[in-house]
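Chemist: how would this look folded up:
(chains A and B)
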Amino acid sequence: DQQVKQNSPSLSVQEGRISILNCDYTNSMFDYFLWYKKYPAEGPTFLISISSIKDKNEDGRFTVFLNKSAKHLSLHIVPSQPGDSAVYFCAARDHQTGANNLFFGTGTRLTVIP
Amino acid sequence: KAGVTQTPRYLIKTRGQQVTLSCSPISGHRSVSWYQQTPGQGLQFLFEYFSETQRNKGNFPGRFSGRQFSNSRSEMNVSTLELGDSALYLCASNQRGDTVYGYTFGSGTRLTVV
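Modeler: Residues are numbered from 1 along each chain as shown, chains lettered A, B, ... in the order given. Down below sits the predicted model:
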């Protein structure tokens, strides 16, 4: 059963506009959430993370928002650039298990149109 | 500094055979994790090694095994290959063994079972 879900397999956005990638989760024991970006033929690259005790974390053009009551997080990219075109994975850690593995979503392919 | 190196990049095997994949983490990183990526399932956790000990294991059959050497290099073995084992296998390393700091992934080994 997929504990982390990315329901939009793809998203297209015009260059300069905002990209919003969404992620839902079911496990209320997740304590950290992360976003990774993946280009073809490369491994995923860590982008940004957020603790469950926060509702927002910002790093340059990237901002992650967490809504714990809705079990929803989103990644905002402003402004979007063609180099942002990649597959974005949402991931989460279950602190209750004491383990450090991550649960990943199935990814959203972002295409930024010049 | 050198990134995470996975060899080989591509592999074609016949059903019933076994295969060994190799991963060299970033120098100084003691934690190595393995993930399987398939189109419908996203990234699924296989196992994590830290200082030569398997610290955590995902929900995969016993045909999937691994080990870590004293230099932190890791190998993953799959015996009695099945068609469903065709996937991208990703290795990730982490300095502190705590995923809240993010992984560094290798580019993966693409395994095709025919």
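Chemist: Output the set of residues of chain B in proximity to chain A.
Modeler: Along chain B, the residues adjacent to chain A under the rule Cβ under 8 Å from any Cβ of the partner chain are B:4, B:31, B:33, B:35, B:40-45, B:48, B:55-56, B:58, B:90, B:92, B:94, B:97-100, B:102-108. Quick note: C-beta positions are derived from backbone N, CA and C, even for glycine.
Chemist: How about residue A:6: what's its closest non-neighbour residue?
Modeler: Once flanking residues are discounted, residue A:6 sits nearest to residue A:105: 3.7 Å by Cβ to Cβ, 6 or more residues apart in numbering or on different chains.
Chemist: Just to check, the one you found is in contact with residue A:73?
Modeler: No: when contacts are counted by Cβ atoms under 8 Å, residue A:105 is not listed as touching residue A:73 (10.2 Å).
Chemist: ok, the residue nearest to residue A:6 - how many residues close by?
Modeler: By the criterion of other Cβ atoms under 10 Å in any protein chain shown, residue A:105 has 25 neighbours.
Chemist: Check the one 4 residues further on too.
Modeler: The number of residues packed around residue A:109, counting by other Cβ under 10 Å, is 15.
Chemist: Distance check, it against chain B.
Modeler: Going from residue A:109 to chain B by Cβ to the nearest Cβ, to the nearest Å gives 11 Å.
Chemist: contact partners of stretch B:69-84?
Modeler: B:13-25, B:29-30, B:32, B:34, B:46-47, B:49, B:52, B:63-68, B:85, B:89, B:91, B:93, B:111, B:113-114 (Cβ atoms under 8 Å, 6 or more residues apart in numbering or on different chains).
Chemist: close to chain B, is the strand or helix carrying residue A:12?
Modeler: Here residue A:12 sits within strand A:10-14, counting by DSSP states H and E. No: Strand A:10-14 lies apart from chain B when judged by Cβ under 8 Å from any Cβ; the minimum separation is 13.0 Å.
Chemist: Next, the buried residues of that strand.
Modeler: The neighbour-count criterion (16 or more other Cβ atoms under 10 Å in any protein chain shown) identifies A:11, A:13 as the buried residues of strand A:10-14.
Chemist: In chain B, where is pLDDT below threshold?
Modeler: B:1, B:97 (pLDDT under 70).
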